[in-house]
Structures are given as C-alpha cells and as structure tokens.
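J.: After the sequence you'll find the predicted model.
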Amino acid sequence: MDPNAALTEMLELAQRFVECPDDKEMGEHDGCQCAAHMERMGELVLALDSWLSTGGFAPAKWAVMT
C-alpha cells in the first residue's frame, strides 16, 4: 500500500463530497457518482487503517504532525 497515494485520493474524494450540492439525492448527477465515491472512500479508509495498525508508516503529510 502507498499511504501517500491513499491519502491524496481520500482528500480528493472528500473535496468532491464538500462541493456536492446538498439538495441532491445519492446517485449520479452532474458528473458526480456519490455512491461509487463513498465506496471508494470506505475502501481507502479501511486499507489505510489496516496499514497503520500493522506497523506501516503514516502518509508524509501526517508524519510531520507527530
């Protein structure tokens, strides 16, 4: 696993969620695929958690916080 790539993708997905119109239902609209993006975010969170829980190093962006 590349924790740096995972964090980058997670942040990109989070930005998409923030920019998504509040009045839209889950699904596909205006080029947004909310359900697919949420599924991918879940996969990344679980993978990064597993990585960190088994002794993997933190993403570089987070490592400066420690």
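T.: Everything's here; your move. Predicted model, so just to flag it, every value in this text is computed and none were measured.
J.: Please name the residues that touch the residue most central in space within the chain.
T.: For the chain, residue 10 is the residue whose C-alpha lies nearest the centre (C-alpha atoms, centre = their mean; 2.1 Å). By C-beta atoms under 8 Å, 6 or more residues apart in numbering, the residues touching residue 10 are 41, 44, 45, 48. (C-beta placed from N, C-alpha, C; glycine too.)
J.: what would those residues look like in TSV with pLDDT?
T.: Compiled in TSV, the contacts of residue 10 are given as follows (pLDDT from 0 to 100):
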residue	pLDDT
41	96
44	98
45	97
48	97
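J.: Closest to residue 57 out of the residues you listed?
T.: residue 48 (11.1 Å; C-beta to C-beta).
J.: before we move on, the earlier item: most widely separated two among the contacts of residue 10?
T.: Top of the distance list for these (C-beta to C-beta): 41 and 48, 10.6 Å.
J.: Show the contacting residues for residue 4.
T.: Counting by C-beta under 8 Å, 6+ apart, the residues that residue 4 touches are 59, 60, 61.
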